[in-house]
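In: 3D, please:
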Amino acid sequence: MRVGVTGHSNLAPESEKVVADAIREVLTGFAQPIVGVSCLARGADQVFARVVLELGGQLEVVLPAADYRERKVKPDNRADFDALVAQAADVRVLPFEQSGREAYVAASEAVLSSVEALVAVWDGTPADGRGGTADVVAVANDRGLPVHVVWPEGAHRVSS
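Out: So this is what the prediction gives:
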């Protein structure tokens with residue numbers, strides 16, 4: 001079963017355990033093995049990736065642009081990001097030189113077009129622009145892709 005993820009990148013660190021538990025519960029309900037498809041943004045994407053690997057699944061990574069790691073992955077998150085990339089069965093870099101809204105929308109499209117279901121770590125708030133979590137959920141719903149919203153009690157976000 002191929003499952004993608006979308007979600008908030010600004011999860012509070014203390015929320016990660018309850019979010020991981022909720023993702024685990026969703027993923028164990030799917031046919032195994034799982035192939036998880038993620039852009040590996042900090043927060044929801046990385047929590048999802050770790051759960052997929054913990055469950056013995058395969059991780060496929062879609063990076064929005066050639067400069068994504070250098071430009072968008074903060075120094076305090078690079079070790080986690082690099083460790084997940086190293087464990088991925090496949091890493092695909094989209095043909096954008098620079099990270100930006102267009103590349104992020106294309107990356108979300110690449111995820112949605114390659115999966116059978118979507119896990120959305122989403123608090124229900126509207127998107128703050130095209131390509132945000134709410135937008136990705138809306139596109140998935142419009143396509144009839146099963147969306148499993150995860151926002152357990154105790155989950156919260158930090159201010160950007």
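In: burial measure for the nearest residue to Asp90 once chain neighbours are set aside, as a count.
Out: Nearest non-adjacent residue to Asp90, counting by CB to CB, 6 or more residues apart in numbering: Glu60, 4.6 Å away. For glycine as for every other residue, the C-beta is placed from the backbone atoms N, C-alpha and C. Neighbourhood size, Glu60 [other CB atoms under 10 Å]: 22.
In: show me where this protein has strands.
Out: For the chain, applying DSSP state E gives strands covering 2-7, 35-38, 58-63, 90-93, 117-121, 147-150.
In: so where is the chain shaky, pLDDT-wise?
Out: Residue ranges of the chain with pLDDT under 70: 129, 160.
In: most centrally placed residue in it?
Out: The centroid of the chain falls nearest to Asp45 when counting by CA atoms, centre = their mean (2.9 Å).
In: can you name the farthest residue from the center of this structure?
Out: Residue of the chain lying farthest from the centroid, by CA atoms, centre = their mean: Glu97 (20.9 Å).
In: which residues touch that one?
Out: Glu97 makes contact with Ala65, Ala66, Asp67, according to CB atoms under 8 Å, 6 or more residues apart in numbering.
In: can you select the buried ones from those in ChimeraX?
Out: Remark: buried members of those, expressed as a ChimeraX selection using 16 or more other CB atoms under 10 Å:
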select :65,66,67
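In: ok, the contacts of Glu97 vs Ser114, which is closest?
Out: Nearest to Ser114 among the contacts of Glu97: Ala65, at 17.9 Å, using CB to CB.
In: distance check, that closest one against Asn10.
Out: Separation of Ala65 from Asn10 (CB to CB, to the nearest Å): 20 Å.
In: also Tyr104?
Out: 15 Å.
In: now the helices: where do they sit in the protein?
Out: Secondary structure of the chain by DSSP state H: the helices cover 16-27, 44-54, 68-72, 78-87, 101-112, 133-142.
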